[in-house]
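A.B. asks: one predicted model, sequence on top.
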Amino acid sequence: MRDIPDNMTLDPAKGEMLILTDALDRPVGEASKEAVHRGGLLHRAFSAVLYRERPEGLEFLLTRRAEGKYHSGGRWANACCSHPRSGEETIEAAYRRVRQELGCEAVSLREIGWFIYRAEFPDGICEYECDHVLAGRCAGEPVPDPAEVSGIRWVSAETLNALLTKEPETFAPWAYQVLSLALNWLG
């Protein structure tokens, strides 16, 4: 059996306190990021979808997760995914994390839906999230933090739909639901 790296031990935010929830997204407590992901505890998260308007239509920002992330390294996802800290509003956390991860600004973020998903990874990490999907415009050109993002790509709605259909294995586990919701919402 080959050894599977445990990148959670290297995550500088592993001690941050996250919001535990019930299935209706009501807070029921808090626990460290590491405890939440090692124990498979249901917690609040968000996925920010950023877009820009072009003469030919909307383009969506996709980000490739850095290889060193504690799960789904090298896979494509929406612009930014993270967690609000204990006592922090979800939308404020999204603005904060977009700035930190992408070096640009989100504009007029608004929640377009939420869902619960669970994904288990070979290293024992488990994502069990009440994921709030936020959408807004991107102001400025992203300059990603390489510890978070290894690549970016702007794609049209048509290209995004084709990628989700033909190459789902290249995306992080939550990305299909998040990006499908954004495509439907933005028309």
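C.D. replies: That came through fine.
A.B. asks: show the contacting residues for the residue nearest to the spatial centre of the chain.
C.D. replies: Centrality entry for the chain: nearest residue to the mean C-alpha point is Cys81, 2.1 Å, by CA atoms, centre = their mean. Listed by CB atoms under 8 Å, 6 or more residues apart in numbering, the contact set of Cys81 reads 45-48, 172, 174. For every residue, glycine as well, the C-beta is placed using N, CA and C.
A.B. asks: ranges for the strands of this protein?
C.D. replies: Secondary structure of the chain (DSSP state E): strands located at 17-21, 27-32, 43-54, 57-65, 76-77, 80-82, 105-120, 126-139, 149-156.
A.B. asks: could you say what helices and strands the last one packs with?
C.D. replies: Of the remaining helices and strands, those touching strand 149-156 by 3 or more CB pairs under 8 Å, 6 or more residues apart in numbering; DSSP states H and E are strand 57-65, helix 90-102.
A.B. asks: between these, which one is closest to Leu163.
C.D. replies: Comparing the helices and strands packed on strand 149-156 by their distance to Leu163 (CB to CB), the top pick is strand 57-65, with 8.1 Å.
A.B. asks: can you list the strands that the closest one pairs with?
C.D. replies: Paired neighbours of strand 57-65 in the sheet (DSSP bridges): strand 43-54 (antiparallel), strand 76-77 (antiparallel), strand 149-156 (antiparallel).
A.B. asks: in a markdown table: these, plus distance to Ala35.
C.D. replies: Putting these into a markdown table (distance: least, CB to CB, whole Å) gives the following:
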| stretch | distance to Ala35 |
| --- | --- |
| strand 43-54 | 10 |
| strand 76-77 | 23 |
| strand 149-156 | 25 |
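A.B. asks: out of those, nearest to Leu24?
C.D. replies: strand 43-54 (11.7 Å).
A.B. asks: out of the helices and strands packed on strand 149-156, which gets nearest to Ile152?
C.D. replies: That would be strand 57-65 among the helices and strands packed on strand 149-156, by CB to CB, at 5.5 Å.
A.B. asks: next, the buried residues of the closest one.
C.D. replies: Neighbour counts over strand 57-65 (16 or more other CB atoms under 10 Å) mark 58-65 as buried.
A.B. asks: where does the prediction get shaky in this structure?
C.D. replies: Within the chain, the ranges that satisfy pLDDT under 70 run 1-14, 187.
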